[in-house]
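In: model this:
(3 chains)
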Amino acid sequence: MGKIQLITKGFVKENPTFSLLLGMCPTLATTTSAINGMSMGLATVFVLVLSNMAISATAPYIPDKVRIPAYIVIIAAFVTILQLVMQAFTPDIYETLGLFIPLIVVNCIVLGRAEAFANKNSVVDSACDGIGIGIGFTFALTLLGLVREILGSGSAFGYKFIAGDGILVFVLAPGAFMALAYLIVLFKKVTAKKGE
Amino acid sequence: MEYILIIISAIFVNNILLAQFMGICPFLGVSNKLSTAVGMSGAVCFVITLATLVTYLFQYYVLVPLGIEFMQTIAFILIIAALVQMVEIVLKKVSPALYQALGIFLPLITTNCAVLGVALMVVTKEFTYGGEPHMLNLGESVVFAFATSLGFGLAMILFAGLREQIALNKVPKAFKGIPIALVTASILAMAFMGFSGLV
Amino acid sequence: MAVQSSFKNMTLCLFAVCIVSSALLAGVYAITKEPIDAANHAKTNNAIAQVVPEFEGDPVADTIEVAGVKYPYYTVSKAGRPVGYAITSSSVGYGGPVTLMVGITADRVIYNTTVISQSETPGLGAKCVEPEFAGQFKNFDPATKKLTVKKDGGDIDAITASTITSRAYANAVAAAVAVYDAVVSGTDAAEAVTGATAAADCEDGAEDSGNIQEIK
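Out: Numbers count the residues shown, from 1 in each chain, chains lettered A, B, ... in the order given. Model prediction:
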């Protein structure tokens, strides 16, 4: 597989949210607006790329039986670095995303990529894979955030285009489940047509 | 009185699955059958309570005195991973029957974000039960953790029951599997919204 | 795998991973400590600057205990006299604590308020940060108007469908006024209460002269 393919496959074919249904917790919780969804996605990209690279580089030296705890420590270290950097330079976003930044540690996507890709591929390929899957995730979160923001508060990326409120329920918990359900269905329809 | 408020709030009002979106992976993954949902809920209940107790003590007796709170995430996830391993070993020896019931769910729990989420929540968030905002003490934390896991179990079991019924009905092709489950979860979340304002 | 899963290897490996990660984290922590402090400092200072009149120098931080609760507050001065107090107070909202920075001028009028943190429902209670609601507290004189929502017989228009949040906001502001009274009676104990009002008059004068100087 070429480097370009490694990056683009995460967009549609192996889209972590719409097609693999991984990392659902941050997907539902942080997408109250497009900006929030995008910030969460980019934060995950940071951890995903760095941990993929580190795990790919160290995998030959880690005994098989303790690989999962070792990967978790490596991922947790990068998550903590992200926490510190965000607190220092983007405190507002850090506060908005709150608990879901440290919870990147237990995002199945990150550990999943370590286990399924990074520990058997080269550092460069793992970085590309991380970028690809990460961008796919970011794309999904931004899209879901955008849909919820348009329907729920009548604005897009913070730019308000209708006066008054939207359909409030889309900003709340039930709307998150509903919007995601319909996006997955749409995604299935679109990709199924492409496949024919 | 305060404990009652904590329990009601954690089970119904701030339900960990339907209002806070933590632990969605097992919620969607193992809720096909009622029996597995019960098993998963039991295992989560056990681990969340135990993990919160240990991480709470670790936070206030190790991390804070040493001034290394920034190691929180890494320390907590290690503790949870180690605890899950230990519970698995102990359960195998002490109660093979219980191990049979919960064993297969235990490895999945390390990466259940509800566990790490609750552990982090009790040491970082201010709560407002019974008056002024304050950090929870040990007793309150454990009660909060236990009640949260009961809320997890309640939502999980209700959801599994609904999904078993849905499986018997005709579902549009595109909605089969996860999408219809999400629509169900959405309606369940709406029902739980009715509890808001209770505490 | 190139490395065998012997007990020695496993222990060594996990140990090494933990040591390297901890060292890395300690390094990053040392580097980011200053920017984090600066960011927190800037956040507090921005909040203070929003809620009090123009001042000189740095706000002086202190805490005071009122009715068993410790409140942090900041005194800002101009020309050597305190012109206002920024008080951090919080109250119980719908989704958790609503924490405010409340600025009160030396003549006991609320200059402005700003939300430091809140976790109210988006689209409902979270609207308390918007000027339509928060603006009501601008130049609010607690001596002539009542700091409760209209439903409770006060002068605050509640946010539609979010009475609990509105109440919490008003309560936090009222708590800040109580803190202000405690601070003023405490610091001016030597001058007595009449002295405090006299001082306030002088401050008005000082502020005016300050403005004149600026115009020049």
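
In: ranges for the strands of the chain?
Out: Because you didn't say which chain, this covers chain A. A:155-156, A:159-160 (DSSP state E).

In: Actually, chain C is the one I wanted.
Out: C:56-66, C:69-78, C:81-92, C:97-105, C:110-117.

In: residue in chain C nearest to chain B?
Out: Minimum separation of chain C from chain B (C-beta to the nearest C-beta) falls at C:Pro97, amounting to 3.6 Å. For the C-beta atoms, the positions are set from N, CA and C on the backbone; glycine is no exception.

In: My read is that that residue contacts B:Glu126, right?
Out: Yes - C:Pro97 is within contact range of B:Glu126, at 5.3 Å (criterion: C-beta atoms under 8 Å).

In: Settle it for me: which of these two has more neighbours?
Out: Comparing C:Pro97 with B:Glu126 by neighbour count (other C-beta atoms under 10 Å in any protein chain shown), the higher total belongs to C:Pro97, at 22 against 15.

In: mind checking how far the more buried one is from A:Val106?
Out: Distance, C:Pro97 to A:Val106, by C-beta to C-beta, to the nearest Å: 26 Å.

In: And C:Leu147, by the same measure?
Out: 44 Å.

In: try B:Phe12
Out: 25 Å.

In: of these two, who's got more company?
Out: A direct count of neighbours by other C-beta under 10 Å for B:Phe12 and A:Val106 places A:Val106 higher, at 28 against 21.

In: list the contacts for that one?
Out: B:Ile77, B:Thr110, B:Thr111, B:Asn112, B:Cys113, B:Val115, B:Leu116 (C-beta atoms under 8 Å, 6 or more residues apart in numbering or on different chains).

In: Now do the same contact list for the fifth one.
Out: Shown in contact with B:Cys113 (C-beta under 8 Å, 6+ apart): A:Cys25, A:Leu103, A:Val106, A:Asn107, B:Met22, B:Gly23, B:Cys25.

In: Quick check: the farthest pair among those?
Out: A:Asn107 and B:Gly23 (12.5 Å; C-beta to C-beta).

In: can you list residues touching both of the two?
Out: Residues touching both A:Asn107 and B:Gly23 comprise A:Cys25, B:Cys113, with contact defined as C-beta under 8 Å, 6+ apart.

In: Return the distance of the helix or strand B:Ala97 falls within from the chain's centre.
Out: Using DSSP states H and E, B:Ala97 maps to helix B:96-102. The chain centroid and the centroid of helix B:96-102 are separated by 20 Å under C-alpha atoms, centre = their mean, to the nearest Å.

In: Now do the helices in chain A.
Out: Assigned by DSSP state H, chain A shows helices spanning A:3-8, A:24-29, A:34-58, A:67-89, A:91-97, A:108-116, A:123-153, A:173-195.

In: and these as JSON lines, adding mean pLDDT and mean neighbour count?
Out: Formatted as JSON lines, the helices of chain A follow (pLDDT from 0 to 100; neighbours: other C-beta atoms under 10 Å in any protein chain shown):
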{"stretch": "helix A:3-8", "mean pLDDT": "80", "mean neighbour count": "15"}
{"stretch": "helix A:24-29", "mean pLDDT": "89", "mean neighbour count": "26"}
{"stretch": "helix A:34-58", "mean pLDDT": "93", "mean neighbour count": "23"}
{"stretch": "helix A:67-89", "mean pLDDT": "91", "mean neighbour count": "22"}
{"stretch": "helix A:91-97", "mean pLDDT": "86", "mean neighbour count": "17"}
{"stretch": "helix A:108-116", "mean pLDDT": "87", "mean neighbour count": "22"}
{"stretch": "helix A:123-153", "mean pLDDT": "91", "mean neighbour count": "23"}
{"stretch": "helix A:173-195", "mean pLDDT": "86", "mean neighbour count": "18"}
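
In: I'd like these as CSV, with distance to chain C appended.
Out: Below are the helices of chain A laid out as CSV (distance: least, C-beta to the nearest C-beta, whole Å):
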stretch, distance to chain C
helix A:3-8, 23
helix A:24-29, 12
helix A:34-58, 8
helix A:67-89, 4
helix A:91-97, 5
helix A:108-116, 13
helix A:123-153, 6
helix A:173-195, 10
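
In: Now render these as JSON lines, adding distance to C:Ser166.
Out: As requested, the helices of chain A are exported to JSON lines (distance: least, C-beta to C-beta, whole Å):
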{"stretch": "helix A:3-8", "distance to C:Ser166": "49"}
{"stretch": "helix A:24-29", "distance to C:Ser166": "26"}
{"stretch": "helix A:34-58", "distance to C:Ser166": "25"}
{"stretch": "helix A:67-89", "distance to C:Ser166": "31"}
{"stretch": "helix A:91-97", "distance to C:Ser166": "23"}
{"stretch": "helix A:108-116", "distance to C:Ser166": "40"}
{"stretch": "helix A:123-153", "distance to C:Ser166": "20"}
{"stretch": "helix A:173-195", "distance to C:Ser166": "23"}
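
In: So for C:Cys13, which of the ones you listed sits nearest?
Out: Closest of these to C:Cys13 is helix A:67-89, at 6.4 Å (criterion: C-beta to C-beta).

In: could you give the angle of the closest one to helix A:108-116?
Out: 140 degrees (axes from the mean of the first three to the mean of the last three C-alpha atoms, to 10 degrees).

In: Just list what helix A:67-89 packs against, helices and strands only.
Out: Contacts defined by 3 or more C-beta pairs under 8 Å, 6 or more residues apart in numbering or on different chains; DSSP states H and E place helix A:67-89 against helix A:34-58, helix A:91-97, helix A:108-116, helix B:72-94, helix C:7-51.

In: among these, which is nearest A:Ser122?
Out: With respect to A:Ser122, and counting by C-beta to C-beta, the nearest of the helices and strands packed on helix A:67-89 is helix A:34-58 at 6.6 Å.
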